[in-house]
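> Okay, sequence plus prediction incoming.
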Amino acid sequence: MTSNGFVQLAVYLGVLLACVKPLGFYMARVYSGSGTFLDRFIGPLERLLYRLCGIEKSAEMTWRQYSVAILTFSLLSFLAVYVLQRTQVWLPLNPESLPAVSPDSSFNTAVSFTTNTNWQGYGGETTMSYLTQMLALTVQNFVSAAAGMAVLVTLIRGFTRHSTETIGNFWVDLVRGTLYILLPISLLFAVALVSQGVVQTFNSYHEVAFLEPTVDAEGQAVTRQSIAVGPAASQIAIKQLGTNGGGFFNVNSAHPLENPTPLSNFLQLLAILLIPAALCYTFGEMVSDRRQGWAVLAAMLVIFVPLLVATTITEQSGNPILTRLGVDQSASDSQPGGNMEGKESRFGIVNSSLWAVATTAASNGSVNSMHDSFTPLSGLVPMWLMQLGEVIFGGVGSGLYGLLMFAIVAVFLSGLMVGRTPEYLGKKIGAFEMKMAALAILFPCAMVLVGTAVAVVSASGRATIFNPGPHGFSEVLYAFSSAGNNNGSAFAGLGANTPFYNGLLGLAMLVGRFWVMLPVLAIAGSLAAKKTVPAGPGTLPTHTPLFVVLLVAVVIVVGALSFFPALALGPIVEHLLLANQE
Amino acid sequence: MFTQLRTAALVLMALTVLTGGVYPLVVTAIAQLAFPRQANGSLIQQGDQITGSELIGQPFSRPEYFWGRLSATGPHPYNAAASSGSNFGPLHPGFKEAAEARILALHSAGSSGKVVPVDLVTASGSGLDPHISPAAAEFQVPRIAVARKMSEGAVRELVSQHTEGRQLGILGEPRVNVLRLNLALDQPQGN
């Protein structure tokens, strides 16, 4: 790795961390209902929305009502996305006359976008009309993200309120998150991305003549190129900010019209971790103890930074097979070197590795390089980050509420060690909270492993594996790790647009979303009903380095014990085989 | 339960109009007014002819043109209506075969025996990468000079005119725009 590589990583982390406090503080104001500087512009729109939809802003919900509201909203969202895909052929804004999407692919995509996963079994430019991209997919990019943040806020309210049945109003949290946070920041990012060359147009695809004609797979001469365009920038901004990750084009942010320059790449990378990181500060602010927020952010960084450096160094070391062919893979100021298969020249190794780690630490899932072509150990890192449950930054809202589940387990374990009733943020953690936290942590794990096992023993699961050997197993394991934790990135060689994978991965996405979300809401309701107990001499402080270490240990131990056997069959075997090539 | 359903439907409709309709239209309006060239695909105009997009690569295999990255799009390379990477794992036999074929092609087109820069033998992520590294361009300079009966210095001069450094001095990688460079080679040379 060159010194510039380290500088790029450091600049990224520096800018990200500088944004945490201002944005986190702003979001705390939005969710606690206190005024913000945008009230003057957005306030009238917000009130209009409440009036149109018949929402009583001060009406509070119990956790059960809140859950019903989310489930109802998600179900209707699912139906809307499904129907729009099935009927796009008859609807406007379809200049390429793309046909209706198949039923199984429509099901998978509808589940995928309503669960904030954005797993894509299809290629955008060959499948979705502009209308579907906007009315179905862009909308879900916003609302599924806002729903995730809303659930986090109910959990925070569970800690801050006491002796009450209610945890907030879903419609208000959803609308405020969308209007005050996601929309304004998306607008800024979208315009910045267009300035770099991301397309934003309703025109049909451009036809241009090749300077030098080429031949296709059948040996027929090809003299022209059709260049796909579309209203991409508006969708890409929210795809990154809302940890959605679904690309406008098939190859996502590796596409030069989706991510044209190093600066557009930097902005998108920043957008990936921006809200998940800032929500840590929001958490601290809302529980009136900012140190609590910094502690969870520190825990995330303790796992994130070493994995980032390790991935970059491994990927930079290149492929021994090419070394034997006499290919120059050394990094210098005139070439990126390293394992460039599946990577773009403008991003090189450093920005591709940084993206791979950031997008899987967050449950974003957009890619700017093909993860399937990573060297085995640097392909292992994104896979494992997803398997940790998407809690290292994780999805907007969902990442932090996932990590808080681990925090509950951590205080419980330390309570066991000293023989005291565990408390977290002034609330006693009882059997009910522990049961719910265990459910939220273990079910997605089980879904990933069982799903992978089912796929590799069934003929239809094996039929569309692309790479031979252990890497083929990795493709399947990656797919279920991604779907079961709502990430959405892929080892894209796997042919996942089949009824088998569309169905099974759809199920995994539903488990990964709602089997975590509902226990979290239950905990929020249960905590809100409890009294607040003042911290005593036996209370474990949860803002100290000791607690950070404890929390990191719990996350790693659960993730390692659950997944190392499976990882040994895939990337680890492959690494040994590749090392043998030297 | 029924009121929840009604509220859910109304909120979804309202937010659909706002985030799926108004928001993309506002972005489009701003984009088309402030950055019309970028918003429409950064097309290269020569006279009244559009010769491509400076962000979308094209396939080259003649000795007198600079070659770009390998492209794994189907059914033909650099298909900008269906982007795709190769998705070859590091041990996939096709990965080694593609690299060997490229090395052979480079040598038989007249490139010297130097070690080949890695970006010339690997497929890009999009299959549409418009760039190669400066090292990959330098590797091809002698071949272009011979094929075009130009001096290596003149070719190098053109390469450096089409080389971009790291953005803001830090971000990304230095790179050469292949289509722009080849279009410039086809222009009548002033010297």
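The structure has been received and is ready for your questions.
> end-to-end on stretch A:313-333?
For stretch A:313-333, the separation between the terminal residues is 17 Å (CA to CA, to the nearest Å).
> Off-centre distance for it?
30 Å (CA atoms, centre = their mean, to the nearest Å).
> Would that stretch count as contacting chain B?
Yes. Residues of stretch A:313-333 contacting chain B under CB under 8 Å from any CB of the partner chain: A:318, A:319, A:321, A:322, A:325, A:326, A:327, A:328, A:329, A:332, A:333. All C-beta atoms are positioned from the backbone trio N, CA, C, and that covers glycine.
> Just the buried ones from those, in PyMOL syntax?
Selection of buried members from those for PyMOL, criterion 16 or more other CB atoms under 10 Å in any protein chain shown:
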select buried, chain A and resi 318+319+321+322+325+327+328+329
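> what's the helix or strand for residue A:542?
Under DSSP states H and E, no helix or strand contains residue A:542.
> swap in residue B:156?
Take DSSP H and E as the rule and residue B:156 turns out to sit in helix B:152-161.
> Name the residue of chain B that lies nearest to chain A.
residue B:172 (2.5 Å; CB to the nearest CB).
> related to what we said a few turns ago, farthest pair within the residues of stretch A:313-333 next to chain B?
Spatial extent of the residues of stretch A:313-333 next to chain B (CB to CB) is set by the pair A:321 and A:333 at 25.6 Å.
> Could you tell me which of the residues of stretch A:313-333 next to chain B belong to strands?
Under the assignment DSSP state E, the residues of stretch A:313-333 next to chain B contribute A:327, A:328 to strands.
> Quick check: chain neighbours aside, which residue is closest to the spatially most central residue of chain B?
Against the mean C-alpha coordinate of chain B, by CA atoms, centre = their mean, the closest residue is residue B:130 at 1.7 Å. Among residues not flanking residue B:130 along the chain, residue B:57 sits closest, at 4.3 Å (CB to CB, 6 or more residues apart in numbering or on different chains).
> Could you verify my assumption that the one you found touches residue B:66?
No. Between residue B:57 and residue B:66 there is no contact under CB atoms under 8 Å: 10.9 Å.
> Enumerate the positions of stretch A:81-98 that are buried.
Neighbour-count burial for stretch A:81-98 [16+ other CB under 10 Å]: A:81, A:82, A:84, A:85, A:86, A:88, A:94, A:96, A:98.
> Give the next helix or strand downstream of the strand or helix carrying the fourth one.
I take that to be residue A:85. Secondary structure from DSSP H and E places residue A:85 in helix A:63-87. Next in sequence after helix A:63-87, counting helices and strands by DSSP H and E, comes helix A:103-114.
> what's the average pLDDT for that following helix?
In this model, helix A:103-114 has an average pLDDT of 96.
> For that helix, buried residues please.
Across helix A:103-114, burial judged by 16+ other CB under 10 Å covers A:104, A:105, A:106, A:107, A:108, A:109, A:110, A:111, A:112, A:113, A:114.
> What of stretch A:46-57?
Buried, per 16+ other CB under 10 Å, within stretch A:46-57: A:46, A:49, A:50, A:53, A:55.
> Tell me the spatial nearest neighbour of residue B:65, not counting adjacent residues.
Spatially, and ignoring its direct neighbours in sequence, residue B:65 is nearest to residue B:182 (4.8 Å; CB to CB, 6+ apart).
> Tell me both backbone torsions, phi and psi, for that neighbour.
Per-residue torsions, residue B:182: phi -70, psi -40 (degrees, to the nearest 10).
> sorry, back to before: got the contact list for the residue of chain B closest to chain A?
Contacts of residue B:172 were listed using CB atoms under 8 Å, 6 or more residues apart in numbering or on different chains, and they are A:261, A:262, A:263, A:265, A:346, A:347, A:348, A:351, B:166.
> wouldn't the second one be in contact with residue B:174 here?
No. Under the criterion of CB under 8 Å, residue A:262 is not in contact with residue B:174, lying 10.2 Å apart.
> Now flag whichever of the buried residues of stretch A:46-57 is closest to chain B.
Using CB to the nearest CB, residue A:53 is the member of these that sits closest to chain B, with 4.0 Å.
> how deep is the residue nearest to that closest one when sequence neighbours are not counted tucked in, by neighbour count?
Nearest residue to residue A:53, sequence neighbours excluded (CB to CB, 6+ apart): residue B:10, at 4.0 Å. Counted with other CB atoms under 10 Å in any protein chain shown, residues neighbouring residue B:10 total 16.
> Could you pick out the longest helix of chain B?
helix B:93-108 (DSSP state H).
> Which stretches in the chain count as strands?
Using chain A here. A:206-215, A:221-227, A:327-328, A:423-424, A:427-428.
> actually it's chain B I care about, not the one you picked
Ranges of strands within chain B are B:43-46, B:49-53, B:116-117, B:131-132, B:163-164, B:175-177, based on DSSP E.
> Tell me which of those sits most buried.
Using mean count of other CB atoms under 10 Å in any protein chain shown, the stretch among the strands of chain B with the largest mean neighbour count is strand B:131-132, at a mean of 29.
> Need the contact partners of it.
Against strand B:131-132 from outside (CB under 8 Å, 6+ apart): A:344-346, B:57, B:66-69, B:119-120, B:175-178.
> burial of residue B:31, as a residue count?
Other residues near residue B:31 come to 26 when the count uses other CB under 10 Å.
> out of the buried residues of helix A:103-114, who's nearest chain B?
Nearest to chain B, judged by CB to the nearest CB, of the buried residues of helix A:103-114 is residue A:114 at 10.6 Å.
> pLDDT wise, what is the residue in the stretch 251-400 of chain A positioned nearest to chain B at?
Nearest residue of the stretch 251-400 of chain A to chain B: residue A:262, at 2.5 Å (CB to the nearest CB). Residue A:262 carries a pLDDT score of 98 in this model.
> and it, how many neighbours does it have?
23.
> tell me the contacts of it?
Contacts of residue A:262 (CB under 8 Å, 6+ apart): A:346, A:347, A:351, B:166, B:167, B:171, B:172, B:173.
> Export these as JSON lines, with columns for pLDDT and distance to residue A:126.
JSON lines is the format used below for the contacts of residue A:262 (pLDDT from 0 to 100; distance: CB to CB, whole Å):
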{"residue": "A:346", "pLDDT": "97", "distance to residue A:126": "24"}
{"residue": "A:347", "pLDDT": "98", "distance to residue A:126": "24"}
{"residue": "A:351", "pLDDT": "98", "distance to residue A:126": "27"}
{"residue": "B:166", "pLDDT": "96", "distance to residue A:126": "34"}
{"residue": "B:167", "pLDDT": "96", "distance to residue A:126": "31"}
{"residue": "B:171", "pLDDT": "97", "distance to residue A:126": "31"}
{"residue": "B:172", "pLDDT": "96", "distance to residue A:126": "28"}
{"residue": "B:173", "pLDDT": "97", "distance to residue A:126": "29"}
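> thinking again about what came up before, per-residue confidence averaged over the helix holding residue B:156?
Throughout helix B:152-161, pLDDT has a mean value of 96.
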